[in-house]
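Visitor: Below are the sequence and a predicted model; questions follow.
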Amino acid sequence: MICHFTICILIFDMINTKAIKNRIKSVANTQKITKAMEMVSAAKMRKAVASALNTRTYAVLARALLEHLSELSGEAGYELLRARPVKNLLVVLISSNRGLCGAFNSNIFKKTALVLQNKNELSKQLDRDGKEIFPEEEVRVSIIGVGKKSADFAKKLKVELVAVFDTFGDGLNFEEILPVSKLIIEEYKKSIYDKVVVAFTDYKSSLNQIAKVRQLLPVSTYELEGMLAELGRDKTGLRQEAKEEIKDAANFSLGNYVFEPSEEDIVKDILPRLVEIQLYQSILESAASEHSARMLAMRNASDAAGEMIDELNLTFNKARQAAITQEIAEIAGGTAALE
């Protein structure tokens, strides 16, 4: 009877330790995957951050140029500058195509859902004189998604999904975003939408990314002033020459310049380019933020896997030691019984 009981305990301990060993092996394999994904994300993050920082100077100077041009020309003759009461609001929502990027998607979705809770406040506009233009009726919201996850958010929120652009790769070129900006500009000119905003994640550092919602259309001088002031404070990654250019742009005057072919033609050509560069910059900032968030998430997963392996090894050693102790006790008990 004692012998049979001892055999059962030994078999149970063997099964228990074998399960722990299999678990350790499984977690170790997962850790290898997360470490590999961390390294890939780190490489992609460096490229994405370089692209985002390299275009910041152009984006800032373009804003400054348009700000001065709009002061000279006014809004009357330019559709993309003219503010009107908002009936239909379009949100360009920039998310990722894949998961495993920590809180990247949830942060931008939370920010977008929060601002959409007060549609009337988001739909408020300012004319050239700074007078507020409020919606005259219930505002209808639509979403253009950049990234597959944005489509899931639109469906969850039960908001009209106009289109989804989910084919952008890691090495995004400026030409790739032109179909998106062309769609936005054409729809705005046709008065299908009265205001267009972009929801994106602004890259500050590998540990700090901020979800933001900014106005794209109509092009607002007040919005530009706010963006210029913000980028004036945050010149992360800009060369010293670029910082000086931004400073000069704020004090730049066009009053003594002659426009060729004409001021009107220049402004009409620059306005769409400005919308395009703002959208491109937003996508680059989001891409840098996504890879940073994924790198950090995979690093945390690798660290958690390492801690789990340590705990499992400790449990395995305890179980093996308990089995050895039990076996010694049974042998000693059997010997004593024979005597």
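Guide: Sure thing, it's come through.

Visitor: When you work out contacts or count neighbours from here on, use the C-alpha atoms and nothing else.
Guide: OK.

Visitor: What is the least confident helix or strand in the protein?
Guide: Using mean pLDDT, DSSP states H and E, the weakest-scoring helix or strand in the chain turns out to be helix 240-250, at a mean of 52.

Visitor: Next secondary structure element downstream of that one?
Guide: Of the helices and strands lying after helix 240-250 in sequence (DSSP states H and E), the nearest is helix 263-338.

Visitor: And that next one, what does it pack against?
Guide: helix 2-73, helix 104-116, helix 178-189, strand 195-205, strand 208-217 (3 or more CA pairs under 8 Å, 6 or more residues apart in numbering; DSSP states H and E).

Visitor: what's the model's confidence in it, averaged?
Guide: The predicted model gives helix 263-338 an average pLDDT of 82.

Visitor: Among the helices and strands packed on helix 263-338, which comes closest to A322?
Guide: helix 2-73 (8.5 Å; CA to CA).

Visitor: ok, back up a step: of all the helices and strands packed on helix 263-338, which lies closest to A329?
Guide: Nearest of those (CA to CA): helix 2-73, 10.0 Å.

Visitor: So which other helices or strands are in contact with whatever helix or strand comes next after the closest one?
Guide: Counting by DSSP H and E, the next helix or strand C-terminal to helix 2-73 is strand 88-94. Judged by 3+ CA pairs under 8 Å, 6+ apart, strand 88-94 is in contact with strand 140-146, strand 195-205.

Visitor: Check the ones you listed for me and report the most buried one.
Guide: strand 195-205 (a mean of 23; mean count of other CA atoms under 10 Å).

Visitor: what about it, distance to the chain center?
Guide: Here strand 195-205 is found 8 Å from its chain centre; the criterion is CA atoms, centre = their mean, to the nearest Å.

Visitor: List the strands paired with it, with their directions.
Guide: Strand 195-205 pairs in its sheet with strand 88-94 (parallel), strand 208-217 (antiparallel), by DSSP bridges.

Visitor: K131 is nearest to which of the ones you listed?
Guide: Of all those, strand 208-217 comes closest under CA to CA, at 16.9 Å.

Visitor: quick one: that closest one to helix 104-116, angle?
Guide: 50 degrees (axes from the mean of the first three to the mean of the last three CA atoms, to 10 degrees).

Visitor: V196 bridge partners, please.
Guide: L90, L217.

Visitor: so who does it touch?
Guide: Neighbouring residues of V196 by CA atoms under 8 Å, 6 or more residues apart in numbering: L89, L90, V91, V92, I184, Y188, Q215, L216, L217, P218.

Visitor: pLDDT score assigned to the third one?
Guide: In other words, V91. For V91, pLDDT reads 93.

Visitor: ditto for the fifth one
Guide: As predicted, I184 sits at a pLDDT of 92.

Visitor: mind checking how far it is from I143?
Guide: To I143, I184 is 11 Å away according to CA to CA, to the nearest Å.

Visitor: The closest residue to R299 other than its chain neighbours and K32, how far apart?
Guide: Of all residues not flanking R299 in the chain, E38 sits nearest, at 6.0 Å (CA to CA, 6 or more residues apart in numbering). For E38, the distance to K32 (CA to CA) stands at 10 Å.

Visitor: Which residue of the two possesses the greater neighbour count?
Guide: The residue with more neighbours, out of E38 and K32, is E38; 23 against 13, by other CA atoms under 10 Å.

Visitor: Correct me if wrong: the more buried one contacts A301.
Guide: No: between E38 and A301 there is no contact under CA atoms under 8 Å: 9.4 Å.

Visitor: check contacts around the nearest residue to G145 once chain neighbours are set aside.
Guide: Spatially, and ignoring its direct neighbours in sequence, G145 is nearest to V164 (4.5 Å; CA to CA, 6+ apart). Neighbouring residues of V164 by CA under 8 Å, 6+ apart: I144, G145, V146, G147, K148, S150, A151.

Visitor: Looks to me like V164 is in a strand.
Guide: Yes: under DSSP: H, G, I helix; E, B strand; the rest coil, V164 sits within a strand.

Visitor: Pipe the helices and strands packed on strand 88-94 into TSV and attach distance to M308 per row.
Guide: Formatted as TSV, the helices and strands packed on strand 88-94 follow (distance: least, CA to CA, whole Å):
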stretch	distance to M308
strand 140-146	37
strand 195-205	29
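
Visitor: Find the nearest non-adjacent residue to E137, please.
Guide: E137 sits nearest to K87 (CA to CA, 6+ apart), 6.6 Å away.

Visitor: That neighbour touches Y193, doesn't it?
Guide: Yes: here K87 reaches Y193: they are 7.4 Å apart, a contact under CA under 8 Å.

Visitor: and for these two, which residues touch both?
Guide: With CA under 8 Å, 6+ apart, K87 and Y193 have no common neighbours.

Visitor: hang on, the earlier thing: deepest in the core, which of the strands paired with strand 195-205 is it.
Guide: strand 88-94 (a mean of 24).

Visitor: and the angle from that strand to helix 178-189?
Guide: For strand 88-94 against helix 178-189, the angle by the same axes, to 10 degrees is 170 degrees.
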